[in-house]
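K.L.:
predicted structure and sequence below. I'll ask about it afterward.
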Amino acid sequence: MVTVGFHASHEQISPAQLLKDVQHAERAGFDAAMCSDHIEPWSARQGHSGFAWSWLGAALATTTLRFGVVTAPGQRYHPAIIAHASATLASMFPDRFWMAPGSGENMNEHVTGDAWPPKEVRQRRLEECVEVIRRLHRGEEVTHHGLVTVEQARIWDVPDSPPPLIAPAISVETARRSAAWADGLVTINQPADKLKDMLAAYRDNGGRGKAVLQVHLSWAPREQDAAAIALDQWRTNTFAPPVPWDLPTAGHFDGVSGQIGEAQVRKAVNVSASLEQHAEWLAGYADLGFDEIYLHFVGQEQAPFIDAFATDVLPQLRGSRAQARAQAPA
């Protein structure tokens, strides 16, 4: 049965409230959770950006959910620091933590003052970081000189089971390339044909592990309210790469998104007042082959979404998947 998780959006909600929200999601019946790891939101209207690693310790300690985090070693974070943080969480909470190391976005990485490298350089830097992190998770002493430098690093408390390293990807090419190193794949809602191509590119090139999807959605009892929430909170997140990779601050994102309208937002966010429609969309993603689906309600008040989806969407999604499997030929 597909895992249905809650996405905790640090950029939109204060850390203390977000902790209450994820606890609420567990009580309501969500299976797992994942979060972002930003120092900068995409918009001043979003207005938050708590430190994910501090929050994860509290969230893991006060729920029984599995958690994942999308992060970016190599510039803002030295890979030894990410290896250390993730090893500690995996040691304290065995088999309940995974991370998705990506090549990063300038909005978070520019704070170091270092130059923002081209995408290919960032990808190679990420791959070096992944190798460093894996070696540190095995308890090795690591010295590495390349796009990142590591000198005699060692983690003294290594987990019995290292946390899975899931590849975050938006493009087919990144999904294909990530198959060489990743323990799974995570992406966001996109047209079905592209998602199929991404899954095929990853699997056909030897990609192992789970396929994870984060779904941006907006719901309210009235359609106009659902649309207004999406337009207010997510219009800065409608651009194709390289725009979201390269802009440096929330002010820049707000500046370029001033003319974005509802039609463009609906291409990035599943907007509907109908819970049946949301259930249908989510079942379609599960049928593509995703093992875990994390629901990101793009509004800032999470409680009504959590309660409505727990009552009317999660049972439909789990029931439809169970029925489909029961009817599948042996």
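P.N.:
Received it, and whenever you're ready, just let me know what you need. Quantities reported herein were computed from a predicted structural model and do not represent experimental measurements. Numbering: from 1, shown residues only.

K.L.:
for the top strand by length along the chain, what is the average pLDDT?
P.N.:
Secondary structure of the chain read by DSSP state E shows that its longest strand is strand 210-218. Confidence for strand 210-218, expressed as mean pLDDT, is 98.

K.L.:
so which elements touch the helix or strand following it?
P.N.:
Heading C-terminal from strand 210-218, the first helix or strand you meet, by DSSP states H and E, is helix 223-234. With contacts taken as 3 or more Cβ pairs under 8 Å, 6 or more residues apart in numbering; DSSP states H and E, helix 223-234 sits against strand 210-218, helix 262-268, strand 270-271. (Glycine included, C-beta is placed from N, CA and C.)

K.L.:
can you redo these as JSON lines with distance to residue 282 and mean neighbour count?
P.N.:
Formatted as JSON lines, those follow (distance: least, Cβ to Cβ, whole Å; neighbours: other Cβ atoms under 10 Å):
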{"stretch": "strand 210-218", "distance to residue 282": "7", "mean neighbour count": "23"}
{"stretch": "helix 262-268", "distance to residue 282": "16", "mean neighbour count": "15"}
{"stretch": "strand 270-271", "distance to residue 282": "8", "mean neighbour count": "23"}
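
K.L.:
tabulate those (TSV), appending distance to residue 226.
P.N.:
Output for these, formatted as TSV (distance: least, Cβ to Cβ, whole Å):
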stretch	distance to residue 226
strand 210-218	5
helix 262-268	10
strand 270-271	5
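
K.L.:
so which of the ones you listed comes closest to residue 120?
P.N.:
strand 210-218 (24.8 Å; Cβ to Cβ).

K.L.:
any weak-confidence spans in this structure?
P.N.:
Residues of the chain that meet the criterion pLDDT under 70 lie in 320-330.

K.L.:
where along it do the strands fall?
P.N.:
Ranges of strands in the chain, per DSSP E, are 3-8, 32-35, 66-71, 97-101, 142-145, 149-153, 167-168, 184-188, 210-218, 270-271, 292-297.

K.L.:
so where do the helices sit in the protein?
P.N.:
Along the chain, the segments classed as helices by DSSP state H run 15-28, 52-62, 79-92, 106-109, 119-137, 172-178, 192-204, 223-234, 243-246, 250-256, 262-268, 275-288, 303-312, 314-327.

K.L.:
quick check: which of these is nearest to residue 185?
P.N.:
Going by Cβ to Cβ, the one of these nearest residue 185 is helix 192-204, 4.8 Å.

K.L.:
dump the helices of the chain into JSON lines; add distance to residue 73 as well.
P.N.:
Formatted as JSON lines, the helices of the chain follow (distance: least, Cβ to Cβ, whole Å):
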{"stretch": "helix 15-28", "distance to residue 73": "22"}
{"stretch": "helix 52-62", "distance to residue 73": "12"}
{"stretch": "helix 79-92", "distance to residue 73": "4"}
{"stretch": "helix 106-109", "distance to residue 73": "10"}
{"stretch": "helix 119-137", "distance to residue 73": "4"}
{"stretch": "helix 172-178", "distance to residue 73": "15"}
{"stretch": "helix 192-204", "distance to residue 73": "21"}
{"stretch": "helix 223-234", "distance to residue 73": "27"}
{"stretch": "helix 243-246", "distance to residue 73": "16"}
{"stretch": "helix 250-256", "distance to residue 73": "23"}
{"stretch": "helix 262-268", "distance to residue 73": "27"}
{"stretch": "helix 275-288", "distance to residue 73": "28"}
{"stretch": "helix 303-312", "distance to residue 73": "31"}
{"stretch": "helix 314-327", "distance to residue 73": "33"}
